[in-house]
Every structure is written in structure tokens, then in C-alpha cells.
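K.L.:
How does the following fold in three dimensions:
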Amino acid sequence: MKGFGEAGLGKRSQEYEWQHLAEAVGVDVPLRPRPPEFRVSGLPYCPVVQLKDHLDHPIEKYGYSFKFYTTTGTAIHEVLQNSMSNSPQHGHRAFGNWECSYCGKRKEVCFRPKKCKCHKIYGMWLYKELDFKYKGLSGHLDKLTQAPDGAWVAWEFKTTGAWKLANRDEALPYRRHILQINVYCYLLKKLYDIDVSRYVIVYLDRANPKTQPKIFRYDWTDERHERVSNLIRRSIKSNQLVESFMQRVQKKKASREALGKLIESRPCHSMKDYKRHMESRFLYEPCPFMKDGLCAKPNIEKLEKKLWRLIQEA
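P.N.:
Alright, predicted model coming up:
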């Protein structure tokens, strides 16, 4: 198997055990396609990309590498959340939802509760993230705490490779991650009436818990609040256009005119727009339409034709 080394194994590559393991690492099983969701982690939002994903569902695959990174990231999140929430000096400052690890009892939207009755022998309170649902937009914040000075602090945890933590030239924090936690700061006020004072983005080594994390700390200002408010308002309006258009598609009533209006609402009308507004969303590969320059042109005829073809095939 390419990329699967045989260091120290001599000529064992023909043995069943080795073949089975190498085969498992290379497994890439397609699962059922999933319709796209309107989530905070998907911002900044583009109605054209969202429409494409509705029409041509990306196929989710079960693969060793993909699952390794996603499940490792989830495990690190949960361990850090619960370690912080049960630390002796500051654990009581954590605010969110809670579940007893022993009896399953739950407490909602509060500071860490007093010990559950069953904690005399076993168990602790497990931290459960605050959920956000706002006009179709959904997500969850990794951690919310109240500092000793009374300031509310929003936390976002991200896992990465050790070389990124060691490399001073690495572009951390990513703009997309800053936007994501900015949206949560806005929604905390909107949905929970909590005025955040500052927010923190923490990058952790996914392979070694002893590697020193990188921590980025920012003040939450009125200017940021207003900027994020405008972005969320535009994103919600664009998503409503996509949802309405998809209802027309399902009823076989979609029109080229309605499609044109949806395309006009895109955030990118030039490469400058893409660099400024959308490039941060595509960390690992470029926007599927920007590759061909379809969105960056004043004339959207080619882009409209491409989407209309997908509509006809849907």
C-alpha cells in the first residue's frame, strides 16, 4: 500500500496480518450523501456553493485517515472540556449544559452544579456544549467560562499538527476560526443575553498532549459585534433564498430568473472579493467555482448554465 511503510518488518508484506492491516488503512467506503446544513462552522456563507451541495450532495466517506483526525479531534475536545470543568481552582467557573457521568442526570444552561448524590462514591459532571439555533443557523460553542473579574470568556478549541504549533510563520489563527467564534459571541448575546468580554482560540497538538498549545486572546468589541451582525444577517437572507429555490426545484417549478437572482446574491464578484470574503472558508481546496473563475466575472452566463444543468439532472 502506498504510504504505508514496512520499516522493521523485513519481507512480511505477503503475510495475511500485514495485508489485512494495510488494506484497512486504505479503506475508503462511501456512505449515503448528506444534504448540506446551515452551520456556523460553514461560514462565511456562499449561496452558490450551498446550492451546488444541495443539487450534488457530497458523498461522505468512511476512511481511516478521515476518521482518525475527526475522532481524535472530538476526543481531545471532550477531554479538555471535562478537565477544565473539574479543575479544583477554576472548574466551577464553567457555564453550559451538564450530565452526570454515573447516573445520567442533566442540568441545563448553568454553572457547574453541586455534586450529584451519586458522586459520594463515583462520577463527575460532564460538560455539554451550549447549542445555538437562530433562524436556521446552528452550531455549538466549545466552552464558556466566567473569569474571576466577572468577564465572560468564550473558548474555541482546534487540533492541528505539531509542526504548525512550532512554526512561527504558520498563519495561525485562521480567519475562518476567528469568524466562527465571533459568531458565537454574537449569538451568546442574542440567545442567552450573555455579554462576552473576550474570546480565546486554542490550538492543540493532536498527537501529543504535552506539546505546549498556542493560545490567541482577543477582546470582543462593539465594532466586531456590528460587523458580525451584518454578516449573519446577509448569510441568513442568502440561505433563505437557497431554501426557497430548492423547494421550487423539488416541485419542478424552478426558473432561470430565480436562479439568476440567487447567483447575484453571491459574496464574490471578483477575485478581490474572493480573497477578502471567502478564501478563508476553503482551507484545503479552492472554491469549486473560483477555480474556473466563474464567480469572478461580471457575466454570470457560464455559471448560470452550469448550475441549471445540475438542476435539470437533480
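
K.L.:
Tell me the spacing between Y127 and F68.
P.N.:
Going from Y127 to F68 by CB to CB, to the nearest Å gives 24 Å. (Each C-beta comes from the backbone N, C-alpha and C, glycine too.)

K.L.:
who's more crowded, these two?
P.N.:
Neighbour count, other CB atoms under 10 Å: between Y127 and F68, Y127 has more, with 26 against 12.

K.L.:
in which helix or strand would I find the more buried one?
P.N.:
strand 125-128 (DSSP states H and E).

K.L.:
which residues are contacting that strand?
P.N.:
Contacts to strand 125-128, defined as CB atoms under 8 Å, 6 or more residues apart in numbering, come from residues 81-82, 84-86, 94, 96-101, 106-107, 112-113, 116, 143.

K.L.:
let's see 10 Å
P.N.:
77-78, 80-86, 91, 94-102, 104-108, 112-116, 119, 140, 142-144 (CB atoms under 10 Å, 6 or more residues apart in numbering).

K.L.:
which secondary structure elements does the next helix or strand after it contact?
P.N.:
Following strand 125-128 in sequence order, the next helix or strand is strand 130-134 (DSSP H and E). Where contact means 3 or more CB pairs under 10 Å, 6 or more residues apart in numbering; DSSP states H and E, strand 130-134 is packed against strand 95-100, strand 106-111, strand 137-141, helix 175-192.

K.L.:
one more time with 6 Å
P.N.:
Applying 3 or more CB pairs under 6 Å, 6 or more residues apart in numbering; DSSP states H and E, we find strand 130-134 packed against strand 137-141.

K.L.:
Just give me how far the strand it packs on sits from the chain centre.
P.N.:
9 Å (CA atoms, centre = their mean, to the nearest Å).

K.L.:
Could you figure out how far the biggest helix by length in the chain is turned away from strand 137-141?
P.N.:
Scanning the chain for the longest helix, with DSSP state H as the assignment, gives helix 222-250. Interaxial angle, helix 222-250 versus strand 137-141 (axes from the mean of the first three to the mean of the last three CA atoms, to 10 degrees): 130 degrees.

K.L.:
just checking, what packs against the next helix or strand after helix 222-250?
P.N.:
The helix or strand immediately downstream of helix 222-250 is helix 256-264, counting by DSSP H and E. Under the contact criterion of 3+ CB pairs under 6 Å, 6+ apart, helix 256-264 touches helix 222-250.

K.L.:
export stretch 79-86 as PDB, just CAs?
P.N.:
Listed next in PDB are the C-alpha coordinates belonging to stretch 79-86 (Å, rounded to 0.1, in the frame of the first residue of the first chain):
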ATOM      1  CA  VAL A  79     -11.100  15.500  27.500                       C
ATOM      2  CA  LEU A  80     -10.200  19.200  27.700                       C
ATOM      3  CA  GLN A  81     -13.700  20.400  28.300                       C
ATOM      4  CA  ASN A  82     -14.200  18.000  31.200                       C
ATOM      5  CA  SER A  83     -10.700  18.500  32.600                       C
ATOM      6  CA  MET A  84     -11.300  22.300  32.700                       C
ATOM      7  CA  SER A  85     -14.800  21.900  34.200                       C
ATOM      8  CA  ASN A  86     -13.500  19.700  37.000                       C
END
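
K.L.:
average model confidence for that stretch?
P.N.:
Mean pLDDT, computed over stretch 79-86, is 96.

K.L.:
What residues sit buried inside it?
P.N.:
Within stretch 79-86, the residues that count as buried by 16 or more other CB atoms under 10 Å are 80-82, 84-86.

K.L.:
between the residues you listed, which is closest to R34?
P.N.:
The closest of the buried residues of stretch 79-86 to R34 turns out to be Q81 (CB to CB; 25.8 Å).

K.L.:
So that closest one, which state does it fall into?
P.N.:
Three-state assignment for Q81 (DSSP: H, G, I helix; E, B strand; the rest coil): helix.

K.L.:
Give me the nearest residue to it, chain neighbours excluded.
P.N.:
Y127 (4.3 Å; CB to CB, 6 or more residues apart in numbering).

K.L.:
mind checking how far that neighbour is from Y284?
P.N.:
Distance from Y127 to Y284, by CB to CB: 29 Å.

K.L.:
Y199 now?
P.N.:
Per CB to CB, Y199 is found 24 Å from Y284.

K.L.:
Compare those two and say which is more crowded by neighbours.
P.N.:
Y199 (24 against 4).

K.L.:
What separation do you get for that one and G123?
P.N.:
For Y199, the distance to G123 equals 31 Å [CB to CB].

K.L.:
what's across from the closest residue to C116 other than its chain neighbours in the sheet?
P.N.:
Using CB to CB, 6+ apart and skipping residues adjacent in sequence, the residue nearest C116 is C100, 4.5 Å away. Beta-bridge partners for C100, by DSSP bridges, are W125.

K.L.:
Tell me the pLDDT of C100.
P.N.:
On the pLDDT scale, C100 is placed at 94.
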